[in-house]
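[1] Structure for the following, please:
(one chain, ligands or ions: 2)
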Amino acid sequence: MQAQDGRAAVLINRMGTAGAGQSAAVPDAMLDVDALVLGYGIGAAFMPAVSGVSFSVRQGETAALLGPSGCGKSTILKAVAGFLRPAAGRVLVGGKPVTRPGPDRAVVFQEFDQLFPWRTVMDNVAYPLRVTGRSRRDAAERARHWLGVMRLEHAADRFPHHLSGGMKQRVAIARALALEPAVLLMDEPFGALDPQTRLRLQLEFIDVARRTGATALFVTHSIAEAVLVGSDIVILDGTPSAIKAVVNAREVSDPRSDAALRVGQEVSEVMGHDGGHAHGE
Ligand code: ADP
Ligand code: MG
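    Numbers count the residues shown, from 1 in each chain. Ligands and ions are numbered 1, 2, ... in the order given. This is a model prediction of the structure:
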């Protein structure tokens, strides 16, 4: 999705039948999702979940994938991660087709139990680095660095069961970022947190993403979250789902700003909600 500078905060790009073919035209796209058709089951039992979705995410930006529960957000993320093979279309990361999972696409899930319970925070972050070929010393240095980025140095020697849910999610983010992935994939990572912690982590995420230049695909069903974390908001709708609109949210960095309110109202209108609920779930 190309930035269209010099225009109002909200740019709604109604993509009709999914904007197939549009993504490949975006320069410096780190992630290209191109005419993707996804579903479950094979042969006559194939059940489509996503019908021809195209969008792209530029280096250093975050696309928020927004839609109601069951609309296929996680299914798209699974295809980008390489866990699910497309029925049609393709995913490109850094211009290369995705055929299997890889450390260039680190995933953060909603569940608090995604950490290794028998490893310390430090080892949780260092372990995937070891597995992907780093020396013990290099892995330890990088792990320490990324724990620092997430302000978790003090928790390095603790075990997951001694951490709050918010801390666990921050460790999971540190672990994902430590792989220095081309694209960070986040599937409702803050969905199980209380509202205050959730807002704090959203703000921390956008700050860290900006400072580190991370490119991310962030799945959420919360309008407020999409407005805050997304550079673009890709709105899904229907069964099987297609893209209803893409809304530019680059101007939003503060959840209480006029820009956040404006973009939230636009998104609500696209989704067919009453604008007054823009900041609800
Ligand atoms: P979301 O993440 O937007 O809530 P999902 O991508 O998880 O939605 O699911 C989209 C559709 O695909 C739903 O109808 C869901 O029931 C179906 N689905 C998801 N995972 C599977 C699976 N492993 N097997 C069969 N159907 C699935
Ligand atoms: Mg999901």
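[2] Can you give me the neighbour number for Ala174?
    25 (other Cβ atoms under 10 Å). Using the backbone N, CA and C atoms, a C-beta is placed for each residue, glycine as well.
[3] what's the residue closest to the geometric middle of this protein?
    Centroid check for the chain by Cα atoms, centre = their mean gives Phe218 as the closest residue, at 1.8 Å.
[4] May I have the residues that are in contact with it?
    Neighbouring residues of Phe218 by Cβ atoms under 8 Å, 6 or more residues apart in numbering: 62-65, 186, 189, 225-226, 229-230.
[5] Show me the beta-bridge partners of it.
    Per DSSP bridges, the residues bridged to Phe218 are Ala64, Met186.
[6] That one and Gly230: what is the separation?
    Using Cβ to Cβ, to the nearest Å, Phe218 is found at 7 Å from Gly230.
[7] Which neighbours do these two have in common?
    With Cβ under 8 Å, 6+ apart as the test, Phe218 and Gly230 both reach 62-64.
[8] first vs last residue of stretch 35-48, how far apart are they?
    Using Cα to Cα, to the nearest Å, one end of stretch 35-48 lies 14 Å from the other.
[9] centre of the chain versus it, how much separation?
    Mean-position distance between stretch 35-48 and its chain equals 23 Å (Cα atoms, centre = their mean, to the nearest Å).
[10] Need the mean per-residue confidence for it.
    For stretch 35-48, mean pLDDT is 95.
[11] ok, the spatially closest residue to Phe116 that is not a sequence neighbour - contacts?
    Leaving aside its chain neighbours, Phe116 sits nearest to Asn124 (5.5 Å; criterion: Cβ to Cβ, 6 or more residues apart in numbering). Contact analysis of Asn124 by Cβ under 8 Å, 6+ apart lists 115-116, 160, 171, 175.
[12] cutoff 6 Å now
    115-116, 171, 175 (Cβ atoms under 6 Å, 6 or more residues apart in numbering).
[13] Of those, keep whichever come out buried.
    By neighbour count, with 16 or more other Cβ atoms under 10 Å, the contacts of Asn124 hold 115, 171, 175 as buried.
[14] Go through these and flag which are in helices.
    Among the buried ones among the contacts of Asn124, the members falling in helices (DSSP state H) are 171, 175.
[15] In TSV, list the buried ones among the contacts of Asn124 along with pLDDT and distance to ligand 1.
    TSV is the format used below for those (pLDDT from 0 to 100; distance: Cβ to the nearest ligand atom, whole Å):
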residue	pLDDT	distance to ligand 1
Leu115	98	22
Val171	98	23
Arg175	98	22
